[in-house]
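Enquirer: Predicted model and sequence below, questions to follow.
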Amino acid sequence: MRPLLALLTLAVVSASAQAADFVVDQKGNQFAPRKLSVKVGDTVEFRNTDTTPHNVFSLSAPKTFDLGAFTKGQSKKVTFDKPGVVEVECAIHPEMKMSVEVKD
């Protein structure tokens, strides 16, 4: 039983070691970049460097979230755990849209 536990622990450590972090900037009422490709397990930090608050959310099936409103200098993170295309928007500025393609 112990070798199986060691193997499972190694698999979890290996998977987390391969995860990457990305940054999406919010400035000028736009996301930068507007398209991003990540892998399952990767984390995206939404950083507000704009002069106005933003409320980043997604209603997409692979990942639904609502980060709430946050102002200049603040950031919030989302970890993507399922493959698919996630459409991201700002509830305050409907013209702000981007997509995150999450691959296996």
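Expert: In hand now; what should we look at?
Enquirer: Relative to the whole chain's centre, how far out is stretch 79-87?
Expert: 8 Å (CA atoms, centre = their mean, to the nearest Å).
Enquirer: Output the below-cut-off pLDDT ranges for this protein.
Expert: 1-17 (pLDDT under 70).
Enquirer: Touching, residue 52 and residue 29? I think so.
Expert: Yes. Using CB atoms under 8 Å, residue 52 and residue 29 qualify as a contacting pair, with a distance of 7.1 Å. C-betas here are computed from N, CA, C, even on glycine.
Enquirer: so what sits against both of these two?
Expert: Taking CB atoms under 8 Å, 6 or more residues apart in numbering as the contact definition, residue 52 and residue 29 share the neighbouring residues residue 93.
Enquirer: residues near residue 104, how many?
Expert: One way to gauge burial is a neighbour count; for residue 104, by other CB atoms under 10 Å, it gives 7.
Enquirer: roughly how far apart are the closest residue to it other than its chain neighbours and residue 37?
Expert: Ranked by CB to CB, 6 or more residues apart in numbering and with sequence neighbours excluded, the top spatial neighbour of residue 104 is residue 83, at 5.0 Å. Residue 83 sits 11 Å away from residue 37, taking CB to CB, to the nearest Å as the criterion.
Enquirer: where do the contact lists of these two overlap?
Expert: Applying CB under 8 Å, 6+ apart, one finds that residue 83 and residue 37 are jointly contacted by residue 103.
Enquirer: I'd say residue 88 and residue 31 touch.
Expert: Yes. With contacts defined as CB under 8 Å, residue 88 counts as touching residue 31 at a distance of 6.9 Å.
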